[in-house]
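Colleague: Mind looking at a prediction? Sequence and model below.
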Amino acid sequence: MSIVTTKDLKKIYQVGETVINAVNGIDMDIEPGEFLAIVGPSGSGKTTLLHLLGCLDVPTSGTVTIDGRETARMSSGALSDIRRERLGFVFQEFNLLPVMSAAENVELPLRYLKVKPAERHRRALVALEKVGLSQRAANRPTQLSGGEQQRVAIARALVTEPALVLADEPTGELDTANTERLMDLVSELNRETGQTFAIVTHDSQVAARTRRIVTMRDGKIDSDEPT
């Protein structure tokens, strides 16, 4: 079964008298273990699509189905559960809390799942080990480089063992060397653990590291090809 399926998915915004078809009739599937990029020019709708896939926004029409359940039929509580339990998120801004250590930041999603403190800490250290930062668990974000902060953000996304990790321009704040290191890490996680990743990116070299590239233009899928 697909992790996510969309059918005739649309998101329309109105600004004054201007109607913007941000996502305009998209049909797509994301299968377990996939590693794909969503690319396209600015304003093509790729971030809007990611937000719809992640239940961070609601469609104007059409459907998003996650694990066989249509999200439009879910209560707000059920949607929150889907986001917490089945989806992980990584953003361009690392969104780490500066007053917390790396381990405490990684633990945050587990707090919402009411995991006990000792188990939260254990799982956070395991997630940090996966991204090569177990030795930095006690450090606060200001004591970490940009690349290290983004790896902490990935550990936070992985700690709940989600079915799908959605990343919006995760390398946007990184230099070339750190971008390469991050993509090495994501590729390894996908290959070794079967973790599913969908990455919105404007960087053609990042997209080339994935195994499927979905190109958007004017709110529609222009192409959908294996790399």
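Modeller: Structure's in. What do you need?
Colleague: quick one, what contacts residue 10?
Modeller: Contact analysis of residue 10 by C-beta atoms under 8 Å, 6 or more residues apart in numbering lists 21, 23-26, 59-62. Glycine gets a C-beta too; all of them are placed from N, C-alpha and C.
Colleague: Next, work out how far apart it and residue 66 are.
Modeller: Look at residue 10 and residue 66: by C-beta to C-beta, to the nearest Å, they are 18 Å apart.
Colleague: what residue is smack in the middle of the chain?
Modeller: Geometric centre of the chain, nearest residue: residue 166, 1.5 Å, by C-alpha atoms, centre = their mean.
Colleague: Identify the bridge partners of that one.
Modeller: Applying DSSP bridges to residue 166 yields these beta-bridge partners: residue 89, residue 198.
Colleague: I'd assumed residue 86 was in contact with it.
Modeller: No - judged on C-beta atoms under 8 Å, residue 166 makes no contact with residue 86 at a distance of 10.8 Å.
Colleague: Next one, pLDDT for residue 202 please.
Modeller: pLDDT recorded at residue 202 is 93.
Colleague: Which strand or helix spans it?
Modeller: Using DSSP states H and E, residue 202 maps to neither a helix nor a strand.
Colleague: for this structure, which spans come out with low pLDDT?
Modeller: Across the chain, nothing is flagged by pLDDT under 70.
Colleague: ranges for the helices of it?
Modeller: Here the chain has its helices, by DSSP state H, at 46-53, 76-86, 102-112, 117-130, 146-158, 176-193, 204-208.
Colleague: Specify the stretch among those helices that is closest to residue 216.
Modeller: Of all those, the one in closest proximity to residue 216, counting by C-beta to C-beta, is helix 46-53 (5.0 Å).
Colleague: what residues does the closest one touch?
Modeller: Contacts for helix 46-53 (C-beta under 8 Å, 6+ apart): 4, 6, 9, 11, 22-23, 26, 30, 38-40, 57-59, 64, 164, 166, 168-169, 198, 200, 216, 219.
Colleague: Strands - which of those residues land there?
Modeller: Among the contacts of helix 46-53, the ones falling in strands (DSSP state E) are 4, 6, 9, 11, 22-23, 26, 30, 38-39, 64, 164, 166, 168, 198, 200, 216.
Colleague: Mind checking which of these are buried?
Modeller: Among the ones in strands among the contacts of helix 46-53, those scoring as buried are 4, 6, 9, 11, 22-23, 26, 30, 38-39, 64, 164, 166, 168, 198, 200, 216 (criterion: 16 or more other C-beta atoms under 10 Å).
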